[in-house]
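Just need the structure, nothing else, for what follows:
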Amino acid sequence: MPSDKRRVSSDLGTPELHQRFDVRDEEASVGRRRARVVNERPLDRYRQRGQLSERLWQAGEQLLRDFSAANMEPKVCMQWSEYLDAGLPAYRDGEIISDGYKEFWAAMDSAGPASYGVLWAVVCMGESAGGWSTRRGLHRLSGMDFLRTALRLVEKHYRIP
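Presented below is the predicted three-dimensional model:
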């Protein structure tokens, strides 16, 4: 007698996908499972989908490297510097600011103040372009246009061939 139960099968990704990314097994709907990549950056995803050209992706990657070199990434633990330096500013007059810090802000300035938000949110903080535009009351799809425009200006700054 045939069973009325259907065997539910789903593709939860290849072993390579699980080695490269943090993949979470989630329930998409009743009886259906899906895999969701948690730690993939939006720039990589947009490049893979063909939404960003190679040059724009390289501009975003260079901006992210400068952001990391400037040591501006969110801190995981408490900063003790305000207790150790009596609350004085981190960069005092005459101190040398890292090249990454200077280069990051030079690239951001080349894109202009109107582009700071989308570059900071998508490239540096890893938020989706759609999420960024939705938070600003814009249409979800317009975020990608803002991102491309900002990355074109950053691409000119870095002189990417």
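
so where's this structure shaky on pLDDT?
Scanning the chain with the threshold set as pLDDT under 70 gives 1-13, 17-18, 20-22, 26-29, 34-39, 75-97.

what's around R49, how many residues?
Neighbours of R49 under the rule other Cβ atoms under 10 Å: 8. C-betas here are computed from N, CA, C, even on glycine.

And for V154?
23.

so who does it touch?
Residues in contact with V154, defined by Cβ atoms under 8 Å, 6 or more residues apart in numbering, are A59, G60, Q62, L63, A107, M108, S110, A111, L119.

Okay, domains of the protein per the record?
Following the assignment in automatic domain parsing, the chain carries domains at 11-40, 42-158.

Please work out which of the ones you listed is packed deepest.
Of all the domains of the chain, domain 42-158 carries the top mean neighbour count, a mean of 16, counting by mean count of other Cβ atoms under 10 Å.

Of the contacts of V154, which belong to helices?
With helices taken from DSSP state H, the overlap with the contacts of V154 comprises A59, G60, Q62, L63, A107, M108, S110, A111.

which among those gets closest to F146?
Nearest to F146 out of the ones in helices among the contacts of V154 is A111 (Cβ to Cβ; 10.6 Å).

Tell me if I'm right that that closest one and A150 touch.
Yes - A111 is in contact with A150 according to Cβ atoms under 8 Å; the separation is 4.9 Å.

what residues do the two have in common as contacts?
Shared contacts of A111 and A150 (Cβ under 8 Å, 6+ apart): L119.

if we can go back for a sec, next, give me the two most distant ones among the contacts of V154.
Largest separation among the contacts of V154 by Cβ to Cβ: G60 and S110, giving 13.7 Å.

would you list every one of the strands in the chain?
With strands called from DSSP state E, the chain shows them at 23-29, 32-37.

gap between G143 and S128?
Look at G143 and S128: by Cβ to Cβ, to the nearest Å, they are 7 Å apart.
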